[in-house]
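just a sequence and a predicted model for now, questions to come.
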Amino acid sequence: MNILKGKIENINSNHQLSIIYINVNNNRLTAIIIDTPKTSKYFKRGKEVQVIFKETEVIIGKGISHQISMQNKIEGTIKSINCGDLLCKITLKTAVGDIVSIITSNAVKQLGLEKNTLVTAMIKTNEIMLSE
Amino acid sequence: MIKLNIQKTLTAASGKMNLHVKTTIEKYSLVTLYGKSGAGKTSCLRIIAGLLTPDSGSIEVDGKLWTHIDNNINLPPQKRNIGFVFQDYALFPNMTVAENLRFALNKNQDKKIIHELIEIFELGDLQFKKPETLSGGQKQRVALARSLVQKPSILMLDEPLSALDYEIRHKLQHYILQVHKEYKLTTILISHDISEILRMSDKVIELNQGKVVKQGTPDTVFNYKEFSGNIQLTGIVIAIQKQDFLYILTLQIGKDIVKVVANENEGENLFIGDTVILASQAFNPVIHKIG
């Protein structure tokens, strides 16, 4: 699991769903949840939360400019790559802390990823969970 | 409220053990004693019930002393107003279900309670049957009903559900919670099943080697954590396989087996038999109708 610490900046609710905007070291991340401030007292502006997402849900884009629907984009450089036959584990150094991504070894080859490559880690809004 | 401060030297398989339990149990709460086999849980229950005399200490219930060793006070079990259910059902084999219940009546006690309990535990169809013709879950329902005939104020359950399969357990947990509330009981449960404890208890007292090592709400004792994912299950690790920097975990969740991928530092800290939370975002699973 990747776990980042942040603070809830804003909440946008409609019926059952809410999009939560979290400030993590001045980067804005978004999460969507089936809860609203009415159904859960735990989602409030200013509340400190852990932002949790799995390594296998972190997409890697080479460079920093991507026209893509992904709301959570975090720039960083590759700190280490550790490859097995099928999968590689990539650790990124970013402004919000280290982020680990697990992608296929093929993808690493195709993109020519190596240590110090400038990349963007991307996580879909619905892959992010929050916890206290 | 039960104020407990008891000490007794027990002889266990591994040698002598000093049981020392000091705690309080709020009136009308459901409290679970949790811990390894031989930690002193059953002895603790038996001491509260008056079936075992402590070497020293006292038990005070709602301001009344049940036990005070220094002052030679130790009420016999029948004066303690306690209902007791064990893992083995301890029903009389030669009596029908209804007879088993009636046998527990006090002299001159109103028989109305028997009908009430037959109703609550849905024993109507079973009341003229002998225990040998009943399933485990049915027998335990009878045992639970019988423990309540004398309208106890404290109900003690010594692993009552551990011999039953998952679905029946769920059903009985529901019955227990229902009578716990309806009869305003203070209930003390012994259980090993963390999901059962999380579902049922107000407080957990964890014993190890006869001592209280942790006590508090189930969330704090078990390091329970809430995720916003909306899917949150508790399961038991039944297999751990490592592949490169990943761990493939096989978990038993209820009667289902699931496989989950975990990363290195999560997998390294897990052992077979550990209880874990499995959490996922509500958006991820797909649904397929089968019935």
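Yep, that arrived.

give me the neighbour count for the closest residue to B:Gln232 other than its chain neighbours.
Leaving out its chain neighbours, the residue that sits closest to B:Gln232 by CB to CB, 6 or more residues apart in numbering or on different chains is B:Ala279, at 4.9 Å. Bear in mind the C-beta positions are built from the backbone N, C-alpha and C, glycine included. Using other CB atoms under 10 Å in any protein chain shown, B:Ala279 has 18 other residues around it.

the one 10 residues further on now?
Neighbour count of B:Lys289, defined by other CB under 10 Å: 4.

let me know the secondary structure of it.
Under DSSP: H, G, I helix; E, B strand; the rest coil, B:Lys289 falls in the coil class.

close to chain A: what parts of chain B are there?
Proximity of chain B to chain A, by CB under 8 Å from any CB of the partner chain, involves residues B:225-230, B:243-246, B:261, B:263, B:266, B:279, B:281-284.

about what we covered before: so what are the sheet partners of the helix or strand containing the residue nearest to B:Gln232 and their directions?
Secondary structure from DSSP states H and E places B:Ala279 in strand B:275-281. Strand pairing for strand B:275-281, using DSSP bridges, gives strand B:230-243 (antiparallel).

quick one: distance of the partner strand to the chain centre.
From the chain centre to the centre of strand B:230-243 is a distance of 24 Å (CA atoms, centre = their mean, to the nearest Å).

equivalent analysis for stretch B:42-61, please.
So, by CA atoms, centre = their mean, the centroid of stretch B:42-61 is 18 Å from its chain's centroid.

just the terminal-to-terminal distance for that stretch.
19 Å (CA to CA, to the nearest Å).

could you do stretch A:43-53 as well?
OK, stretch A:43-53 end separation, CA to CA: 18 Å.

and that stretch, what's its mean pLDDT?
In this model, stretch A:43-53 has an average pLDDT of 91.

what does stretch B:180-197 give?
92.

endpoints of that stretch, how far apart?
Start-to-end span of stretch B:180-197 (CA to CA) is 15 Å.

next one: stretch B:127-147
End to end - CA to CA - stretch B:127-147 spans 16 Å.

and that stretch, which residues are buried?
For stretch B:127-147, a neighbour-count test (16 or more other CB atoms under 10 Å in any protein chain shown) marks B:127, B:130-131, B:134, B:137-147 as buried.

sorry, back to before: enumerate every residue touching the residue nearest to B:Gln232.
Counting by CB atoms under 8 Å, 6 or more residues apart in numbering or on different chains, B:Ala279 touches A:129, B:227, B:229, B:231-233.

still on that earlier bit, may I ask which two of the buried residues of stretch B:127-147 are separated the most?
Pairwise distances across the buried residues of stretch B:127-147 (CB to CB) peak at 19.3 Å, for the pair B:Lys130 and B:Ser147.

who's residue 83 bridged to?
No chain was given, so I picked chain A. With DSSP bridges applied, A:Cys83 shows beta-bridge pairing to A:Cys88.

switch to chain B, please.
B:Gly83 has these beta-bridge partners by DSSP bridges: B:Leu155.

centroid-nearest residue for chain A?
Central residue of chain A (CA atoms, centre = their mean): A:Ile123, 4.3 Å from the mean position.

how close does A:Asn23 sit to chain B?
Look at A:Asn23 and chain B: by CB to the nearest CB, to the nearest Å, they are 17 Å apart.

for that residue, which non-adjacent residue is closest in space?
Excluding the flanking residues, the one nearest A:Asn23 by CB to CB, 6+ apart is A:Glu9, at 4.6 Å.

for the one you found, pull up the helix or strand it's in.
strand A:2-14.

hmm, who's touching that strand?
Contacts of strand A:2-14 (CB under 8 Å, 6+ apart): A:18-25, A:28-29, A:36-38, A:43-55, A:58, A:96-97, A:99-100.

show the buried residues in those residues.
By neighbour count, with 16+ other CB under 10 Å, the contacts of strand A:2-14 hold A:18, A:20-22, A:24, A:29, A:36, A:43, A:47, A:49-55, A:58, A:96, A:99-100 as buried.

and the strand holding A:Glu9, what's buried?
Buried positions in strand A:2-14, judged by neighbour count with 16+ other CB under 10 Å: A:2, A:4, A:6, A:8, A:11, A:13.

can you tell me the element B:Leu172 falls in?
helix B:166-182.

list the contacts of residue 132.
Picking chain A for this. Here A:Glu132 is in contact with A:42, A:49-50, B:225-226 (CB under 8 Å, 6+ apart).

not quite, I wanted chain B
Per CB under 8 Å, 6+ apart, neighbours of B:Glu132: B:Pro93.

and chain A, which residues reach chain B?
Checking chain A against chain B by CB under 8 Å from any CB, the hits are A:1, A:31-35, A:40, A:42-43, A:52, A:55-56, A:82, A:84-87, A:89, A:100, A:102, A:126-132.
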